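Colleague: sequence first, predicted model second:
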Amino acid sequence: MNLPNAETLFETLTERIKPVINANTAIVGIHSGGAWLAERLLPILGKDLKHGILDVSFYRDDFNERGLHSETKPSQIPFDVQDKHILLIDDVFYTGRTIRAAMNELFDYGRPASITLAVLVNRGGRELPIAPQISAFDTELADSQNLQLLRHENGTFYFTLEENT
Amino acid sequence: MQNPQLTNDGELKHLLSIEGLPKRILNQILDTAESFVGVAEREVKKVPLLRGKTVCNLFFENSTRTRTTFEIAAKRLSADVITLNVSTSSQSKGETILDTIDNLTAMHADMFVVRHAQSGAAHMIAKHVAPHISVINAGDGRHAHPTQGLLDVFTIRKYKPEMHNLRVAIVGDVLHSRVARSEIHALTTLGVPEVRVIAPKTLLPQDVEKLGVHVFHDMKEGLKDVDVVMMLRLQNERMAGAMLPSSQEYFKTYGLTPEKLALAKPDAIVMHPGPMNRGVEIDSAVADGSQSVILPQVTYGIAVRMAVMSILAGN
């Protein structure tokens, strides 16, 4: 598969997100790729938008198998989640388990009016009744493949695609 | 010999003592604790990490702060918590510690938090338990109190992030203090360049210099230009022996007053593990003053204990 250009996809994602933003929207990026995307989206969508970061480590469903990741980052939701329209951002949508964890964590901050999920790539393979409403690119990858969003030092994005061994 | 606290992969399995733990693990605990601080500020102050796990707090010796913060920490991780004050229960009927442990294991306990007057009690339990169980030392005799040492360095890191640039003084009864021992190991492992102890000769262990500290007997010299003053509790029972003349005399020489604190750096922070003896090792004006971080220590203690429990449960 030819890897899509991450910067082109970012532009597509931005255009698709713009129509859903309103005064009561708050952007929440999932650590780490989703948080990078949210960081770049913010100045485009409006600097006054409420925004935050989630690290879902404490809500993962594989804690018993894998334990805690050594690089847990604090979640930062510096606004009242109650009655907000949350725009949840992640880089690659796969099984849906990260999003399940993120939604559980969000509800521990309050009761949002709605949650919309926007992702750069929907790579197929979901295992839960959870799917992104907005994605810049849809594809089907094999379970053995690992698609990752990375960031250059200048802040621009690129993808790597690896075969899991 | 392999460190009994670590798994074969070098990950933390039990927390018994800070001595011998690599810097990597201390930093992992402190970084994870950072993520737990925010949980206490949310609408729902809980995360589901230890859901379905049972944590047993076994306190063979009295404690209010440590027991309560361990209990809150386990509850905020969604564990089921049982706290046993064993001094008032089956031990008085003659049951051995290991029999108590075996009975609680038969009730499917997953983690033991142990406070005991005997040094080495937590080590003994850690050697005895089944492989899926973790043990946390919540203070054993004069030996160690690792979570106190960790919450102290966490607090220091919060207020003075440049650890490699600090001068820290530990003041008081180092001889009988498991807290002091854990603090010294944590500070030196994390690369604090100058750790001082200030105490009369009778309250210092022999060869204390071997722990990598600078020894002072005079507060005026010892407090000069320090960034952090860590006070220790003077245990009243020490007065009964020949170690000290009187608590008034001790306060005059080693009690932390505003005048003595003025010798430290102007932005120095003051810490105390509690419970405090006001007017013995610390003046109320200092304990309640603007440089005191004694209550933040308590708050951070919960996040640090959450971090330790969740790391152990995952390994």
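Modeller: Cool, the structure landed.

Colleague: what's the local residue count around the closest residue to chain A within the stretch 201-315 of chain B?
Modeller: Of all residues in the stretch 201-315 of chain B, B:Gly314 sits closest to chain A, at 2.6 Å by CB to the nearest CB. (C-beta placed from N, C-alpha, C; glycine too.) B:Gly314 has 19 neighbours, counted by other CB atoms under 10 Å in any protein chain shown.

Colleague: contact partners for the closest residue to it other than its chain neighbours?
Modeller: Distances taken as CB to CB, 6 or more residues apart in numbering or on different chains place A:Gly67 nearest to B:Gly314, at 2.6 Å, with adjacent residues excluded. When the contact criterion is CB atoms under 8 Å, 6 or more residues apart in numbering or on different chains, the partners of A:Gly67 are B:11, B:311, B:313-315.

Colleague: near chain B, which residues of chain A show up?
Modeller: For chain A, the residues in contact with chain B (CB under 8 Å from any CB of the partner chain) are A:55, A:57-59, A:63-64, A:66-68, A:70-77, A:81, A:104-105, A:107-110.

Colleague: show me the residue at the heart of chain A, geometrically.
Modeller: Computing the C-alpha centroid of chain A and ranking residues by CA atoms, centre = their mean puts A:Asp90 first, at 1.2 Å.

Colleague: shouldn't that residue be within a strand?
Modeller: Yes: under DSSP: H, G, I helix; E, B strand; the rest coil, A:Asp90 sits within a strand.

Colleague: I'd say it and A:Ala101 touch.
Modeller: No: using CB atoms under 8 Å as the test, A:Asp90 is too far from A:Ala101 to be in contact (11.1 Å).

Colleague: just want the residue of chain A that's nearest chain B.
Modeller: Taking CB to the nearest CB, chain A has A:Gly67 as its residue nearest chain B, at 2.6 Å.

Colleague: what residues sit buried inside the helix or strand A:Ile99 falls within?
Modeller: Following DSSP states H and E, the helix or strand that holds A:Ile99 is helix A:97-107. The neighbour-count check on helix A:97-107 (16 or more other CB atoms under 10 Å in any protein chain shown) flags A:97-106 as buried.

Colleague: from those residues, which single one is nearest B:Lys252?
Modeller: Nearest to B:Lys252 among the buried residues of helix A:97-107: A:Glu105, at 53.5 Å, using CB to CB.

Colleague: which residues touch the closest one?
Modeller: A:54, A:56, A:58-59, A:75, B:47.

Colleague: give me the nearest residue to it, chain neighbours excluded.
Modeller: A:Tyr59 (4.9 Å).

Colleague: contact partners for that neighbour?
Modeller: A:101-102, A:104-105, B:47-48.

Colleague: same thing with B:Val174?
Modeller: B:Val174 touches B:180, B:197, B:199, B:203-205, B:208, B:232, counting by CB under 8 Å, 6+ apart.

Colleague: now stretch B:118-129: average pLDDT?
Modeller: In this model, stretch B:118-129 carries a mean pLDDT of 95.

Colleague: can you pull the buried residues of that stretch?
Modeller: Taking 16+ other CB under 10 Å as the criterion, stretch B:118-129 shows B:121-126, B:129 as buried.

Colleague: then stretch B:30-41?
Modeller: Within stretch B:30-41, the residues scored as buried using 16+ other CB under 10 Å are B:30-39.

Colleague: could you do stretch B:129-145 as well?
Modeller: Buried, per 16+ other CB under 10 Å, within stretch B:129-145: B:129, B:133-140, B:142-145.

Colleague: which of those sit farthest apart?
Modeller: The largest separation in these, counting by CB to CB, is between B:Ile133 and B:Arg142 at 25.8 Å.

Colleague: just the strands in the stretch 51-200 of chain B please.
Modeller: B:54-59, B:80-85, B:111-116, B:134-140, B:167-171, B:194-198 (DSSP state E, counting those that start in this stretch).

Colleague: circling back: out of the buried residues of stretch B:129-145, which is nearest to chain A?
Modeller: B:Ser134 (11.6 Å).

Colleague: which residues does the closest one bridge with?
Modeller: Here B:Ser134 sits in beta bridges with B:Met111, as judged by DSSP bridges.

Colleague: test my guess that it contacts B:Leu312.
Modeller: Yes: using CB under 8 Å, B:Ser134 is in contact with B:Leu312, at 4.0 Å.

Colleague: anything in contact with each of these two?
Modeller: B:13-15, B:111.

Colleague: who wins for most neighbours among those?
Modeller: Highest neighbour count within the shared contacts of B:Ser134 and B:Leu312, by other CB under 10 Å: B:Leu15, with 27 neighbours.

Colleague: return the residues in contact with the closest residue to that residue other than its chain neighbours.
Modeller: Spatial nearest neighbour of B:Leu15, excluding adjacent residues (CB to CB, 6+ apart): B:Ile136 at 4.8 Å. B:Ile136 makes contact with B:14-15, B:70, B:111-114, B:122, B:146-147, B:308-309, B:312, according to CB under 8 Å, 6+ apart.

Colleague: one more: B:Gln235?
Modeller: B:173, B:176.

Colleague: confirm that it sits in a helix.
Modeller: No: per three-state DSSP, B:Gln235 lies outside any helix segment and is coil.
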